[in-house]
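K.L.:
Mind folding the following:
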Amino acid sequence: MVNNNRKTPIFSDSCFWDMDFNKLDTEKDKNFIITRVVSRGGTNDEIELFNYYGWETIKEEIVKIRYLNKKILNYLSILFDIKKEQFRCFYNKDIY
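P.N.:
This is a model prediction of the structure:
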């Protein structure tokens, strides 16, 4: 569930450098947003992501991500205590 205390999260330009973040729907596009932030964001972006979406929503969405590099997959696996095999991207041959 999205935290409604603030309408729009604020992320660094490195997360959405190639597009206008304001054109995204934070509910419909949450998997895309979460993917971008965990892949391209820094610590402040992660904090913003957790404050906006919450632990459970992020946990539900990260396992659906189609591609993550090995380092990020390992990090998320440890952070959320999810086996790497439970991630959709684990079976993507381009990961390693």
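K.L.:
The spatially closest residue to F50 that is not a sequence neighbour - how many residues pack around it?
P.N.:
Using Cβ to Cβ, 6 or more residues apart in numbering and skipping the chain neighbours, the partner closest in space to F50 is I58 (6.7 Å). Heads up, the C-betas are built off the backbone N, CA and C, glycines and all. Residues near I58, counting by other Cβ atoms under 10 Å, number 20.
K.L.:
Over to F80?
P.N.:
Neighbours of F80 (other Cβ under 10 Å): 14.
K.L.:
Give me the phi and psi angles of F11.
P.N.:
The phi/psi pair for F11 (degrees, to the nearest 10) reads phi -120, psi 160.
K.L.:
Leaving out the residues flanking it, which one is nearest to it?
P.N.:
Per Cβ to Cβ, 6+ apart, closest to F11 is D45, 4.9 Å.
K.L.:
Next, give phi and psi for that neighbour.
P.N.:
phi -70, psi -40.
K.L.:
outside of the helix or strand hosting E60, which residues touch it?
P.N.:
E60 is part of helix 55-62 when elements are defined by DSSP states H and E. The contact list for helix 55-62 (Cβ atoms under 8 Å, 6 or more residues apart in numbering) reads 1-2, 30-31, 34-35, 38, 49-50, 53, 76, 80, 82, 87.
K.L.:
switch to 7 Å and redo it
P.N.:
If you take Cβ atoms under 7 Å, 6 or more residues apart in numbering as the criterion, helix 55-62 is touched by 1, 30-31, 34, 38, 49-50, 76, 80.
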